[in-house]
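[1] generate a structure from the sequence data that follows.
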Amino acid sequence: MVIDDEPIAIEILEDYIQKVPFLELAGSFRSAIKALEYLQAHAVDLLFLDIKMPDLSGIQFLKSLIAQPQVIFTTAYSEFAVESYDYQVADYLLKPIEFDRFLKAANKALKQHQPQQLQSTPIPAPTKGIGDGDQDFLVFKSGTEYHPLNINDILYIEGAGNYVFVFTVKKKVMVLMTLKDTLQKLPVDQFIRIHKSYIVNVRKLDVVETDQVKIGETRIPIGEAYKKAFFKKIKV
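    Predicted structure coming up:
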């Protein structure tokens, strides 16, 4: 959520948020009072919060919250920097805000928001992958960079909501895409969904059991709803 009494500041932040795949704008408010009303009925993970505003300052606004989401202060006044860290904010952005500095703050907030087991995985602003099943590779776009992954190097893919983790022989890549959409981009003769959270490369299976498969040292469950199609594909 963006809270700022300056329309131009809101417009800039909205544009920046749109460019970052792991951010989704919940709403923008010029009035802190209106923002409070929204938060009473909606959960928000992160606030981009101006400090100097009429009626209610950003710091006063923060003090009024019962449950505090992560906060990145956005302000033209550097003198609030020291005080802001008393409220355990994720970052402090000084206007005018450049995109590279905004992205650094957003990544910092994401790292704090992620479960501990995911924090060791670098996430360079991932977006949807592109490609089709007739190619030898899929290209995953991360920010302004494109990362081709050889299809034959993909071991399995794990879904986590609107994200997937693509495990290859060399690395793990996190991408903003659903498991369903990912499956549609993979060759059907090589990849199959065996669980609501997993797609596997059938050419990489080391062991197949009744309720699970093994790829290397990784054990992946087979869901009841996917068993028939899976065993038919591998002709067991």
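[2] which residue ranges of the chain form helices?
    7-19, 32-39, 58-64, 81-84, 99-113, 179-184, 227-233 (DSSP state H).
[3] how much space between residue 1 and residue 110?
    Using CB to CB, to the nearest Å, we find residue 1 at a distance of 16 Å from residue 110. From N, CA and C alone the C-beta is placed, and that goes for glycine too.
[4] same deal with residue 95?
    Distance of residue 95 to residue 110, computed by CB to CB: 22 Å.
[5] more neighbours: the two, which one.
    Of the pair residue 95 and residue 110, residue 110 is the one with more neighbours under other CB atoms under 10 Å, namely 20 against 15.
[6] I'd say that one and residue 21 touch.
    No. Assessed by CB atoms under 8 Å, residue 110 is found out of contact with residue 21, at 10.5 Å.
[7] tally of neighbours for residue 46?
    So residue 46, with other CB under 10 Å, has 22 neighbours.
[8] my guess is it contacts residue 74, does it?
    No. Using CB under 8 Å, residue 46 makes no contact with residue 74, being 11.8 Å away.
[9] still on that earlier bit, could the helices of the chain be laid out in a markdown table, adding mean pLDDT and distance to residue 169?
    Output for the helices of the chain, formatted as a markdown table (pLDDT from 0 to 100; distance: least, CB to CB, whole Å):
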| stretch | mean pLDDT | distance to residue 169 |
| --- | --- | --- |
| helix 7-19 | 94 | 32 |
| helix 32-39 | 90 | 45 |
| helix 58-64 | 86 | 47 |
| helix 81-84 | 57 | 45 |
| helix 99-113 | 87 | 26 |
| helix 179-184 | 89 | 18 |
| helix 227-233 | 93 | 22 |
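[10] these: which one's closest to residue 171?
    Between residue 171 and the helices of the chain, the shortest gap by CB to CB is with helix 179-184, which sits at 16.6 Å.
[11] show me what the closest one is packed up against.
    strand 154-160, strand 163-168, strand 191-195, strand 198-201 (3 or more CB pairs under 8 Å, 6 or more residues apart in numbering; DSSP states H and E).
[12] between these, which gets nearest to residue 13?
    Of these, nearest to residue 13 by CB to CB is strand 163-168, at 23.2 Å.
[13] give me the mean pLDDT for that closest one.
    Rounded to a whole number, the mean pLDDT of strand 163-168 is 87.
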